[in-house]
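# sequence isn't available, so here's the structure alone:
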């Protein structure tokens, strides 16, 4: 029979995961809570799970894909990363200037249809990518003469 630790290591061999993802996986596999906690402790001590490194790498990847900070925060929250840690890393990694640059990139990739309806649709698309209204308006003001 596979031990809890072996199951966790196998799970981590495919992709980096957060502590909560590993714990949830082990719970689904019906391991006892005390074994799961011991396994998480072992993984943390051996730097096999590290939510800070996971979140930082995830944020950098999502910035490259022009996702906004609100979307990134929500995705990391779903993976079990603490909102406080996410806020800290986003402040460090995704300043307003870089957010504006990402919005401009999205605007170039998706040309604005004519008229006010087209403008609203483009703004809604950019908002759906996780950018604040403030950043979107700034980008549009810089883009429109």
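The structure has been received and is ready for your questions. On a predicted model such as this, the values are computed, not experimentally measured, just so you know. Numbers count the residues shown, from 1 in each chain.
# C-alpha from now on. contacts and neighbour counts both.
Will do.
# which residue of this protein sits farthest from its center?
residue 1 (35.0 Å; C-alpha atoms, centre = their mean).
# residue ranges with poor pLDDT in the chain?
112-113, 144-145 (pLDDT under 70).
# run the last query once more with 80
Residues of the chain meeting the criterion pLDDT under 80: 1, 111-116, 142-145.
# most centrally placed residue in it?
Geometric middle of the chain (C-alpha atoms, centre = their mean) lands on residue 72, at 3.5 Å.
# next SSE downstream of the strand or helix carrying that one?
Element membership for residue 72, per DSSP states H and E: helix 69-78. Using DSSP H and E, the next helix or strand after helix 69-78 towards the C-terminus is helix 83-93.
# and the contacts of that following helix?
52, 55, 56, 59, 60, 69, 73, 76, 77 (C-alpha atoms under 8 Å, 6 or more residues apart in numbering).
# contacting residues for the second one?
Under the criterion of C-alpha under 8 Å, 6+ apart, the contact partners of residue 55 comprise 76, 81, 86, 89.
# this completes my enquiry, with thanks.
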